[in-house]
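> Below is the sequence, then the predicted model.
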Amino acid sequence: MVLSKTFFRLLSRFRKQILIAFDVLVISMAYIAPWIIINGRADYQRYSSLLVASWFLFVSCFEIVYALMGMYDSLWRYAEIVEFFRLCVASIIAVALFGVCSFFIFSETPVPRSVYFLSGLFAVALTLYSRLTYRMYRNVKLGRQGKRLARRTLLIGAGDAASTLLHEQYKAANPEMNIICCVDDAPEKQGRYIMGVQIMGTTEDIPELVERCEIETILLAIPTMDEDNRRRVLSICNRTKCNVKILPDIVKMITDGKDLASRIRDVKVEDLLGRDEVQLSSIITQFVGGKRIMVTGGGGSIGSELCRQIASCKPAMLIIVDIYENNAYAIQQELRRKYGSELNLEVLIASVRDSKKMDALFARLRPQVVFHAAAHKHVPLMEDSPEEAVKNNVFGTYNVAVCADKYRAERFVLISTDKAVNPTNVMGATKRLCEMVVQAMARRSKTSFAAVRFGNVLGSNGSVIPLFKDQIAAGGPVTVTHPDIVRYFMTISEAVSLVLEAGAMASGGEIFVLDMGKPMRILDLAENLIKLSGFIPYKDIQIVFTGLRPGEKLYEEMLMDEEGLRKTDNRKIYIGAPLKLNNQTFFDHLMALKQIAYSNNSENLVQALTDMVPTFHHRRDEPGMEEG
């Protein structure tokens, strides 16, 4: 080991001189060998003087050409086919130069023509072979040292991404993975090899291969895999105790210039949803680019993601309004770090319940587009404080909507929820009233009012994911209200992208409904999250059922029967038909509701909500649940 390190240190220090000396040796061998082959030892005396003289010229031609073409400046350990091609070209030029020079120098006793051909061929072969041998020895030597600490890995996929990754790992001095075997569902690939790694089966064979090959890590290296197959494969991986990692979109890797290994990440719950990532469309950029945009509740999980995506579209001004200073400060610092002076940013601490403050902000800043995300959304807490839900959700929405109308904003987009559909809890009823406010305002305003309704968002404040993670970190148990409870889920980035696109489509009074995909059992989500954390459900971490909470449904709905649906250009966005409302009667009832809310009489308030929202069937005294 000591000798090996000393050898490599000397090699690094005198690399160029050693390589020149080595080339002189192998090129000499390449030139002398054809003379011996052609003439034999018997005639050595006859051709020895010509051989010595021409040998010096031959070696000199090669060394001059190699030096001029930079053959001694390449790092051969990292050499690719381009370097080897350049070496071949340099060798051909050197042979041609030798031929021209020897024609004039040795005109009386010419060098045999066969020597030109054979010596050139031998020189190319020996110089290439020596460099390839060094490259392979160095990589294998360092690779073995790195693999001692690398995790034994099974690779899923034997395509372009896998090939690129294996190539990177082969060159890495200290690879994090020791790739033992590969699986692929293509029948024609079975039993074959990719970069020296055998394809030992299909994805169904993963559990058996994990046991047989003592696999520690499984890497999914098929960035183009469709959502259903990804969920199926990850489900198979979850039957093992391995750490599962994933290789995201290879297009991103190419565009941001990072290597594949640096983009490998742990599997997240979002991957188990099997929802394709949504990219910002040109419609969104045209919608918010160059405009003054206000986001209320801009420090929250949905609001802050709205701010991130809007900021990337170069608005004329981004106005963030939030009552919670810590969240507002966090998103302010994040955007300032990323955009600096390029983003005209206003961050204001204010409550949407304060109508005078909202009026002053609109009068000064004149936003052209308003995204209203400020809201109370915790179902159980709002059951205990219904008047606060009404004050903040209903009249916060009303105050901002009135200002948008008064100061002629182009569009107002309300962030709504699937809990507004046939609500069984106070929070859902208030959000349904918010939608009704939007539809009523649309009838009397030149501002385009719209609402966007979607289900649960993974990782949002108050969602089950942070709760489950905290419970797993504490050693359990993980609490699920009912074994059959299901919810629609989407990622925050996807939800916000679709909100922005729906806002761009709004013409006035629409309730946009997002396609939430297939509903997911909360129990399945809990089990998968436990597995992704490296534990076994019901063994390492227990799951207990606590019973439905007040106002909670087993199933959420996205649309009321009378709303209907019509498609838009985006297959993930639908429009519900607006309901018929008598504007005057609605606003009279709304002002009456305000008086009750500020009297802090909870019982009367719930009854007033029931009167205003015909589909509201309160389940305060029945088992019920969660979040927004």
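Nice, thanks for sending it over.

> When you work out contacts or count neighbours from here on, use the C-alpha atoms and nothing else.
OK.

> Let's verify Met225: helix, strand, or coil?
Reducing the assignment to helix, strand or coil with DSSP: H, G, I helix; E, B strand; the rest coil, the entry for Met225 is coil.

> same question, Thr424
Each residue gets one of three states, and Thr424 gets coil by three-state DSSP.

> Surely it is in contact with His617?
Yes: between Thr424 and His617 there is a contact at 5.0 Å, judged by Cα atoms under 8 Å.

> Domain parsing of this protein, as residue ranges.
When the chain is parsed with automatic domain parsing, its domains come out as 2-144, 149-267, 282-612.

> now those in CSV, with mean neighbour count and mean pLDDT?
Converted to CSV, these look like this (neighbours: other Cα atoms under 10 Å; pLDDT from 0 to 100):
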stretch, mean neighbour count, mean pLDDT
domain 2-144, 15, 72
domain 149-267, 17, 79
domain 282-612, 20, 87
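
> Ala450 falls within a strand, correct?
Yes: when the secondary structure is assigned by three-state DSSP, Ala450 falls within a strand.

> pretty sure it is in contact with Ala504, am I right?
No: under the criterion of Cα under 8 Å, Ala450 makes no contact with Ala504, lying 10.2 Å away.

> Identify the contacts common to those two.
Common contacts of Ala450 and Ala504, defined by Cα atoms under 8 Å, 6 or more residues apart in numbering, are absent altogether.

> Could you check how far the nearest residue to Asp205 once chain neighbours are set aside is from Glu176?
Taking Cα to Cα, 6 or more residues apart in numbering as the measure, Asp205 lies nearest to Val183, with 7.9 Å between them; neighbours along the chain are not counted. As judged by Cα to Cα, to the nearest Å, Val183 and Glu176 stand 20 Å apart.

> Same check on Ala373?
43 Å.

> Please apply the same query to Ile236.
With distances taken as Cα to Cα, Ile236 is found 23 Å from Glu176.

> and if you look at Ile575?
Counting by Cα to Cα, the gap from Ile575 to Glu176 is 49 Å.

> ditto for Met490
32 Å.

> Run through who's touching stretch 113-125.
Counting contacts by Cα under 8 Å, 6+ apart, the residues outside stretch 113-125 that touch it are 26-27, 30-35, 87-88, 91-92, 95, 99.

> Against Asp359, how distant is Asp470?
Asp470 sits 41 Å away from Asp359, taking Cα to Cα as the criterion.

> Revised request: answer the last question for Phe587.
Relative to Asp359, Phe587 is positioned 19 Å away (criterion: Cα to Cα).

> go on, Leu50?
The spacing between Leu50 and Asp359, counted by Cα to Cα, is 101 Å.

> Then Ile331?
24 Å.

> Also Met294?
Separation of Met294 from Asp359 (Cα to Cα) stands at 13 Å.

> same check, this time on Tyr329
Tyr329 sits 23 Å away from Asp359, taking Cα to Cα as the criterion.

> Likewise for Ile284?
The span separating Ile284 from Asp359 equals 27 Å under the rule Cα to Cα.

> Next: His372.
Remark: distance between His372 and Asp359 (Cα to Cα) = 15 Å.

> go on, Lys531?
From Lys531 across to Asp359, the span is 50 Å (Cα to Cα).

> How about Tyr538?
In this structure, Tyr538 and Asp359 are 55 Å apart, going by Cα to Cα.

> likewise Glu227?
To Asp359, Glu227 is 46 Å away according to Cα to Cα.

> before we move on, what about Arg337?
Arg337 sits 30 Å away from Asp359, taking Cα to Cα as the criterion.

> For the residue nearest to Leu209 when sequence neighbours are not counted, give me phi and psi.
By the measure of Cα to Cα, 6+ apart, the closest residue to Leu209 outside its immediate chain neighbours is Ile215, 7.6 Å from it. In this entry, Ile215 is assigned phi and psi values of phi -80, psi 140 (degrees, to the nearest 10).

> Output the contacting helices and strands for the helix or strand where Arg152 lies.
Using DSSP states H and E, the element containing Arg152 is strand 151-156. Judged by 3 or more Cα pairs under 8 Å, 6 or more residues apart in numbering; DSSP states H and E, the packing partners of strand 151-156 are strand 177-183, strand 217-220.

> The longest one packs against which elements?
Using 3+ Cα pairs under 8 Å, 6+ apart as the contact criterion, the neighbours of strand 177-183 among helices and strands are strand 151-156, strand 197-201.

> Quick one: closest of those strands to Leu548.
Leu548 sits nearest to strand 151-156 of all these, at 39.9 Å, using Cα to Cα.

> quick one: contacts of the one helix or strand Leu57 maps to?
In this assignment (DSSP H and E), Leu57 forms part of helix 44-68. Defining contact as Cα under 8 Å, 6+ apart, one finds that helix 44-68 is touched by 20, 23-24, 27-28, 31-32, 35, 72, 87, 90-91, 93-95, 97-98, 102, 109, 111.

> go on, stretch 499-516?
With Cα under 8 Å, 6+ apart as the contact definition, stretch 499-516 has outside contacts at 281, 283-284, 287, 306, 411, 413, 415, 435, 438-443, 447-455, 488-490, 498, 558-559, 571-578.

> now Thr285, nearest residue through space, not along the chain?
Taking Cα to Cα, 6+ apart, and ignoring the residues beside it in sequence, Thr285 has Cys313 as its nearest neighbour in space, at 5.2 Å.

> Which of the three states applies to Ala374?
What three-state DSSP gives for Ala374 is coil.

> Please report phi then psi for it.
When quoted as degrees, to the nearest 10, the phi and psi of Ala374 stand at phi -70, psi 130.
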